[in-house]
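[1] Got a predicted structure here, sequence first:
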Amino acid sequence: MRTLELSGTPGERGRQHGQGAARDLRRLRQALLRYLARLSFYGGALPCYAILTFLARGFWPFIPPRLQEEMRGVAAGAHVGLGTVLLINVLDDLGNNSPRCSALAAGGERTAQGRWLMGRNLDYPLFINEMIRFQTLFLMEPDQGLPVASIAWPGYVGVCTGINKAGVALAQLSAMSRDRTLRGAPAALRFRQALETEATLTGAAARILTARGTMGNNLMLCAPGEAAVLELSARRGFLRLPQEGLITVTNHYQSAAMAPLKGKFPPRPPHSPLSDYHFTEAYSRARNRRLNELAGGRRLGPEGIQNILAAPHIANPGTAICTVFDPAELTLWTSQAPAAPVSRGPFAQIRLWG
């Protein structure tokens with residue numbers, strides 16, 4: 001996996017990011033333009049792209065100034081427009097959560113050492129080959145706050161799969177919610193800020209809840225001695241706790257508190273390699289049941305979690321990232337497979353800040 005080490009002020013980190021990933025960032029932009037061209041044969045890709053970047057600008061006032069500065073640095077370092085960098089970071093917020101993902105965490109008697117482990121599949125309906133090809137480990141050493149490791153893509157400043165040096169890890173999953181807005185802090189940027197500022201799971205959850213969001217999310221949080229799922233909508237949230245050392249999550253709310261805000265699942269995007277069934281609540285519920293079945297009655301280590309995430313009814317043709325975290329050891333295992341579903345491995349073990 002390619003690794004980019006970023007340090008200094010937000011502007012300095014952004015410029016290092018942009019310079020190190022300039023070519024691939026432009027390739028991601030080209031992939032989006034090619035997709036838009038397929039959708040708008042007569043109108044062309046550029047007008048659609050211009051509309052998307054215009055809509056993305058609406059999020060700008062809700063992005064913390066330090067992250068705005070970092071995005072400007074990425075754009076300057078890569079010699080691309082700021083609108084392109086912004087769009088990469090808010091595309092899911094504009095699309096109201098198209099990804100399908102699965103995650104689980106186990107601890108206590110469920111693991112050999114008693115400490116908590118977390119694993120996640122990030123499943124995406126489009127751009128899957130590009131997401132696999134350009135996957136990057138960003139090691140960020142800010143001038144203020146905690147160091148953060150994030151597995152993402154060129155131009156991506158937010159965190160959807162990451163951990164901070166205090167041992168708080170997170171995995172962002174979509175959740176269909178009726179409570180959504182385009183006037184809030186983009187999800188992955190909201191989560192990035194929490195990892196940089198908070199050294200505990202409860203602190204990170206509280207920080208996330210103080211900022212108005214944009215859409216539904218199920219956010220799995222894991223630290224050495226605990227784990228939880230933060231079920232989120234644009235304006236509300238509920239912290240769901242493990243049962244008997246295990247917690248699982250897919251793409252629907254599981255708590256009674258958030259059930260009234262449950263929204264409809266979106267239709268399959270054009271040209272997606274996934275089937276219509278992959279975009280249903282039935283599929284989300286089936287995956288969650290299967291996670292519990294596969295983890296039930298077992299002691300799990302990193303390899304056992306990898307095997308669960310690779311199971312046929314969990315992984316799918318859109319599985320672009322598969323990562324397991326050991327927060328106590330500041331260690332992760334991430335798949336190096338060249339094609340989806342990547343959870344079949346092989347996996348590389350990475351010790352962070354060792």
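    Perfect, thanks for sending it. Residues are numbered from 1 along each chain as shown.

[2] contacts and neighbour counts: CA atoms only from here.
    Fine.

[3] Compute the distance between Ala223 and Asn121, please.
    For Ala223, the distance to Asn121 equals 18 Å [Cα to Cα, to the nearest Å].

[4] neighbour-wise, which of those two wins?
    More crowded of Ala223 and Asn121, by other Cα atoms under 10 Å: Asn121, with 31 against 28.

[5] Identify the residues contacting the host helix or strand of that one?
    Assigned by DSSP states H and E, Asn121 belongs to strand 117-123. In this structure, residues lying in contact with strand 117-123 by Cα atoms under 8 Å, 6 or more residues apart in numbering are 99-107, 111, 171, 173, 222, 224, 301-302, 305-306, 309, 315-316, 318-327, 343.

[6] if you look at the residues you listed, which of them are in helices?
    Mapping the contacts of strand 117-123 onto helices (DSSP state H) picks out Pro302, Ile305, Gln306, Leu309.

[7] In the residues you listed, which residue is surrounded by the most others?
    Leu309 (29 neighbours).

[8] how about the strands of this protein, start to end?
    2-8, 100-106, 117-123, 136-142, 148-152, 161-164, 169-174, 217-223, 226-232, 237-240, 246-249, 319-326, 331-335, 347-351 (DSSP state E).

[9] Relative to the fourth one, what are the paired strands and their orientations?
    I take that to be strand 136-142. With DSSP bridges as the test, strand 136-142 is paired with strand 2-8 (parallel), strand 148-152 (antiparallel).

[10] Equivalent analysis for the second one, please.
    The sheet places strand 100-106 alongside strand 117-123 (antiparallel), strand 246-249 (antiparallel), with pairing taken from DSSP bridges.

[11] Pick the most deeply packed of the ones you listed.
    Most buried of those, by mean neighbour count (mean count of other Cα atoms under 10 Å): strand 117-123, with a mean of 29.

[12] Might you calculate how far that one sits from the centre of the chain?
    In terms of Cα atoms, centre = their mean, to the nearest Å, the centre of strand 117-123 is set 10 Å apart from its chain centre.

[13] What are the boundaries of the helices in the stretch 1-150 of the chain?
    10-39, 45-56, 65-78, 82-95, 128-133 (DSSP state H, counting those that start in this stretch).

[14] Figure out which of those is closest to Leu239.
    Nearest to Leu239 among those is helix 82-95 (21.5 Å), distances taken as Cα to Cα.

[15] helices and strands around that closest one, which ones?
    Here helix 82-95 touches helix 45-56, helix 65-78, helix 187-197, going by 3 or more Cα pairs under 8 Å, 6 or more residues apart in numbering; DSSP states H and E.

[16] Serialize those to CSV and add fields for mean pLDDT.
    Conversion of the helices and strands packed on helix 82-95 to CSV gives the following (pLDDT from 0 to 100):
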stretch, mean pLDDT
helix 45-56, 94
helix 65-78, 98
helix 187-197, 97
